[in-house]
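Peer 1: how would this look folded up:
(chains A and B)
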Amino acid sequence: MSTIITQKNISKIFKDFKGHKFQALHDINLTIEEGEFFILLGPSGCGKSTLLRIMSHLESDFKGTQEYRSDIRREDMAFVFQQFALLPWLTVEQNVSIGLEARGELTKENKKEIAELLKSLGLEKFAHEYPKGLSGGMKQRVGIARALAVNPKIMFLDEPFSALDSFNAKTLRADLIKIWKERKMTVVMVTHNIEEALELGDRIGIMSSRPGTLGEIVVNTLPRPRELRSKEFFDMEDKLTSLVKI
Amino acid sequence: MSIQSHKRHHLIYKMRWHMLVTIILVIMPVIFFLFFAKVTSITTAQLFTDIGVSLARMTIAFLISILLGWSLAVIFYKGKASVVALPVFDVLQSVPTFAALPLAVMYWGKSTGTVVFFLVVAMIWPILFSIISSLKLIKNEYHEAITIYGLKGWKRIKYFIFPASVPGLVTGAIVGLGEAWEAIIATEIIINIRSGLGPFFQTFADNPKITLFGILGLLMIIFSINKILLLPLLERSHSLVEE
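Peer 2: Got it, this is the predicted structure:
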C-alpha cells in the first residue's frame, strides 16, 4: 500500500455575504493510503464535507498543500453526493453515462459495461426512467453507478446514506463494501454515524468543530465482515463516542 | 458518440382527442377569417397577406430574440462578467422602447427591418431575464456533479446548460410574445408600413365591425398558438426539471 493523497496544514476560511469570516478547517494533516476505506467522522458543521470537497478538487480556495500520487489524475476520482445530484432531465442510463460521455469514451463496449453496472445495482428496469420516478434508495444507487462508471481509483462519498431510510441504508452499505472489495479502489467517506463508520471504515478520522480540526485517527481492527452485535463492535463504538466532541 | 437516446418518446399530445383539439385550433381561425372576409367584403388574399406578413415578422423577431436572449443569458448569468452585465441589462430593459423607434426608422426606413428590430427590443428582455433566473436557480450540487465528471464545452451546453434553461426560455417566450403582439400593431401603424396587421387596423379604423372582427381573429390566433405550442411546452419544460 502506498500513500495516494497527502494533505499538509490545510485550512479553510469562508466569508459570508457581509464579509464576516468563519474558519471551517484549521491545520489539517492527513494521508490517505491506496485501497483503504477511510472515514471522516464528526458532528454536523465540523468541516468534514469541506475537507472531502478539497480532496476531490471541488473546493480550490484553501490554505496548505495537497498532493496526489503521481499517477493519479482528476479523471481517476468520482464523487457520490448526499442529495444524489442526478440531472433530472436525463434518464438513469444517461446520468450514469455522463462521465464517459464527457470524456468521449461512450463506446459500444462501454455501453455494455454500463448495462452490466445497472444490472449489478438492480437498476436495469429503471434505465429509461427519470430520477423523479425513483425512491431515495434507487437514486443513490444511480449516484453510485455514475461514480463507478468512470472506473475511479478514488471514490469520495459525502454522507451518502443520510438521506435514506435505515433499510435502504443497510442494503447500500453492504453493496458498497462488496463493490469496494471487488474493485480494490480507495474510498474516502464522510459520515456523522458512528455505527456506519465502524461497519465500513479501515481507519476513522475523528473531526471536531469550531474550527474544524482532525483529532485522533482510529484504526478499525474489527475483522470483516463486521459483526454489528458483537461485544468488540460495541466497545469500539463506545471508544468512538467518547472521542467525538459535539 | 452521444448518450444513446432511448426509445420512449415523450409526446406533448398523447391522446387522440388532443390531436383533434389541435386540428380544430388550427382550422378554427382559418374558417373564421374566411367568414370574416366574406362578411366584410375584404379579399381573402389581402386578409391572409396582412396576417401572414405580421406573423412572419413576429417569427423572425421571435427567433432572433430567443437566440440572442439565450446566448446573453448563458454568457452572463454568473461570474465576474455578470456583475457588470446584469445592471446594464436592467437599465436597458427600462428604456422606453418607443424612444428607439425614430432611430430604427432612420436606419432601416419604413421596412420589415424596423418592425423586427422593434419586436426584438420588446421581446428580448423577458426572455433574457427569465433564462437568467432559471440558470441561477440551478442547484450547486448539479454544477459540482458535472464539474467532477468533467463535462465541458459543447457537451456542457448540450447536457446541462440548455436543459436547465428551458423552463426560463419557455416562460420568457410566453411573456415576450405577449409584449410583441402589442408592439407589432403599434409599430406597423406608427412607421406607416405598407402591409401587416397594423395597416389593416389603420385602414379600417372607422369601421367598427371590421375592427371588432379583426381583434377577434387576432385573439383566436394568439389563443391557438398558446394552446397548441406554448402551454404544453410550459408544462413539459417544468416537469423536465422536477426532481
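
Peer 1: The residue nearest the centre of chain A: what's it in contact with?
Peer 2: The structure's chain A has its C-alpha centroid closest to residue A:157; by CA atoms, centre = their mean the separation is 1.4 Å. The neighbours of residue A:157, taking CB atoms under 8 Å, 6 or more residues apart in numbering or on different chains as the test, are A:79, A:80, A:176, A:187, A:188, A:189, A:190. Every C-beta, even on glycine, is put in place using the N, C-alpha and C of the backbone.

Peer 1: Cross those residues against helices and list the overlap.
Peer 2: The helices, defined by DSSP state H, take in residue A:176 from those.

Peer 1: quick one: which of the contacts of residue A:157 is nearest to chain B?
Peer 2: Closest approach between the contacts of residue A:157 and chain B, by CB to the nearest CB: residue A:79, at 4.6 Å.

Peer 1: The closest one is in contact with residue A:58, isn't it?
Peer 2: Yes: the criterion here is CB atoms under 8 Å, and residue A:79 meets it with residue A:58 at 7.1 Å.

Peer 1: Same drill for the two, tell me which one is more crowded.
Peer 2: More neighbours surround residue A:79 than the other of residue A:79 and residue A:58, with 28 against 20 (other CB atoms under 10 Å in any protein chain shown).

Peer 1: so who does the more buried one touch?
Peer 2: Contacts for residue A:79 (CB under 8 Å, 6+ apart) come out as A:56, A:58, A:147, A:155, A:156, A:157, A:158, B:144, B:145, B:148.

Peer 1: got a pLDDT number for the fourth one?
Peer 2: As predicted, residue A:155 sits at a pLDDT of 97.

Peer 1: how much space between it and chain B?
Peer 2: Applying CB to the nearest CB, to the nearest Å, the value for residue A:155 to chain B is 11 Å.

Peer 1: Can you tell me the SS state at that residue?
Peer 2: strand (DSSP: H, G, I helix; E, B strand; the rest coil).

Peer 1: The third one too?
Peer 2: Recorded secondary structure, residue A:147: helix (three-state DSSP).

Peer 1: burial count for it?
Peer 2: 25.

Peer 1: Would you confirm that it contacts residue A:153?
Peer 2: No: using CB under 8 Å as the test, residue A:147 is too far from residue A:153 to be in contact (11.7 Å).

Peer 1: Out of the contacts of residue A:157, which one has the lowest pLDDT?
Peer 2: Lowest in pLDDT among the contacts of residue A:157 is residue A:176, which has 94.

Peer 1: Contacts only, for residue B:89.
Peer 2: The neighbourhood of residue B:89, defined by CB under 8 Å, 6+ apart, consists of B:72, B:76, B:125, B:128, B:129.

Peer 1: actually residue A:156, not the one I typed
Peer 2: Taking CB under 8 Å, 6+ apart as the contact definition, residue A:156 lies against A:52, A:55, A:56, A:77, A:78, A:79, A:80, A:187, A:188, A:189.

Peer 1: Any chance of JSON lines for these, columns distance to residue B:177?
Peer 2: Listed next are the contacts of residue A:156 as JSON lines, based on distance: CB to CB, whole Å:
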{"residue": "A:52", "distance to residue B:177": "47"}
{"residue": "A:55", "distance to residue B:177": "49"}
{"residue": "A:56", "distance to residue B:177": "44"}
{"residue": "A:77", "distance to residue B:177": "46"}
{"residue": "A:78", "distance to residue B:177": "44"}
{"residue": "A:79", "distance to residue B:177": "41"}
{"residue": "A:80", "distance to residue B:177": "43"}
{"residue": "A:187", "distance to residue B:177": "52"}
{"residue": "A:188", "distance to residue B:177": "51"}
{"residue": "A:189", "distance to residue B:177": "50"}
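
Peer 1: returning to what we had before: quick one, which of the contacts of residue A:157 are buried?
Peer 2: A:79, A:80, A:176, A:187, A:188, A:189, A:190 (16 or more other CB atoms under 10 Å in any protein chain shown).

Peer 1: From those, pick the one nearest residue A:236.
Peer 2: Of all those, residue A:189 has the smallest distance to residue A:236: 17.0 Å, by CB to CB.

Peer 1: buried ones in the longest helix seen in chain B?
Peer 2: Once chain B is assigned using DSSP H, the helix that runs over the most residues is helix B:44-76. By 16+ other CB under 10 Å, the buried positions in helix B:44-76 come out as B:47, B:50-51, B:53-55, B:57-58, B:60-62, B:64-66, B:69-70, B:72-74, B:76.

Peer 1: among those, which are within reach of chain A?
Peer 2: Among the buried residues of helix B:44-76, no residue sits close to chain A (CB under 8 Å from any CB of the partner chain).

Peer 1: Helices of chain A, start to end?
Peer 2: With DSSP H as the criterion, chain A has helices at A:48-55, A:92-103, A:108-120, A:136-149, A:166-183, A:194-200, A:231-243.

Peer 1: Appreciated, that's everything.
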